[in-house]
Every structure is written in structure tokens, then in C-alpha cells.
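**Q** mind folding the following:
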Amino acid sequence: MQSFTLEPFPTRGQIHILLYKNVSNAAELRKRLLSHDQELSYAFIDAKMVLDKFQLLVATNDAVQHELNSSLKTHNVHSEIVYSLSPTTNISESLRRFGISDSSTSIVVVKVGGNSEEARSHLSTLIHGEECDIKDFSNFVDISRIKKYYKIDDKINDQNEMLDIIVGSIAIKSVS
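**A** Residues are numbered from 1 along each chain as shown. Below you'll find the predicted structure:
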């Protein structure tokens, strides 16, 4: 787990990012998310769609800004993070593409606010999987899906260049 403070919003609390592999209960978690289970106040993201933690921080910054401006397009700041990751403005498509699916085996969890150890402890009771270092994103990312959803040219293979395009897509969406 890594925790960060969003510089524009230090009073909102820290952002906690965790990565899990070998997850066996994604279908159960997804069902609970769809029923708006209040115990799941986290953003659950398919790790295949995350190239770098910076991508998550940009989307989280965007979601927190919308929350503070009372301009959320989704139910809460955590679903707004998943929505913000997507270049499209279609909410259901964004949640389907970037959120966890029934078959997800690697997931990223983002928590806005709260204590890091409490979040980790709570997640250990919810997620049937192994926590791993968030530096391991590259072990799970699906570059072909990333390129498809962000409309990145197949000729581009440099991950820094891809990240620039992804972050640009997130930023453009937030101002449109």
C-alpha cells in the first residue's frame, strides 16, 4: 500500500492505493458494489487498466475536485474515481471497462480519506487475494486494452508516452 496527500486538497485526507493479485471473490465484490453496499467505500479497479499510479492519482484528484465542488456525476467519490479513469463520458461504460468484473483476478483499490492501517485491515476481510506492492502494476496491465480504450496508436510502445496520453485524456474529460 502507498498513501499520498493530494496537494490541492490536503484537508480531504490521504489517498490510499492497494494492489491485490489472485483475487477469487471479484464477482461477490462487484455484486455488492452494484447494490451500493455502504461497507465498500472504496474504488475497485481492474488492475489490467492501470499503467501507473500517476494515472490513479490524476483520476482521484479529478474525483475529489468534483466532490468538493458538488459536481459528482456518479454516486460517490469512489465510483467517480473509476469514472474519471475513462476517456468516455458514458458512466456505465466507464464503470464496466475500468471497474472490476466478475472474472477480475487482479484489482486496485483506492480509498479517499481514513486511516491507512484501518483500510488495509478492513480490505483484508473483504478481498480474498494477496496484497502486493503497487510497483507491480506492470505485471498485470493489459497494454492492448489500454491502447484500445484510450485510442492509443499501436505504433506507440513507450509506456511514458502512453501515460502522457492517458493523463491527457483524463484531464481533457474533466474540463469538457
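
**Q** so Ile134 makes contact with Leu18?
**A** Yes - if you go by CB atoms under 8 Å, Ile134 and Leu18 touch, sitting 7.2 Å apart. For glycine as for every other residue, the C-beta is placed from the backbone atoms N, C-alpha and C.

**Q** who's more crowded, these two?
**A** Neighbour comparison, Ile134 and Leu18: the larger count goes to Leu18, with 23 against 17 (by other CB atoms under 10 Å).

**Q** tell me, what's touching Ile134 and Leu18 both at once?
**A** Residues within reach of Ile134 and of Leu18 at once, by CB atoms under 8 Å, 6 or more residues apart in numbering, are Met1, Val108.

**Q** which SSE is Glu80 in?
**A** Glu80 belongs to helix 77-85 when assigned by DSSP states H and E.

**Q** and the next helix-or-strand element following that helix, what does it pack against?
**A** Scanning forward in sequence from helix 77-85 by DSSP H and E, the next helix or strand is helix 91-98. Packing contacts for helix 91-98, counted by 3 or more CB pairs under 8 Å, 6 or more residues apart in numbering; DSSP states H and E, involve helix 77-85.

**Q** any idea of the angle the helix it packs on forms with helix 91-98?
**A** 80 degrees (axes from the mean of the first three to the mean of the last three CA atoms, to 10 degrees).

**Q** how far off centre is helix 77-85?
**A** 7 Å (CA atoms, centre = their mean, to the nearest Å).

**Q** residues making contact with that helix?
**A** Contacts to helix 77-85, defined as CB under 8 Å, 6+ apart, come from residues 41-45, 49, 55-56, 58-60, 62-64, 66-67, 72-74, 91, 94-95, 98-99, 110-112, 170, 173-174.
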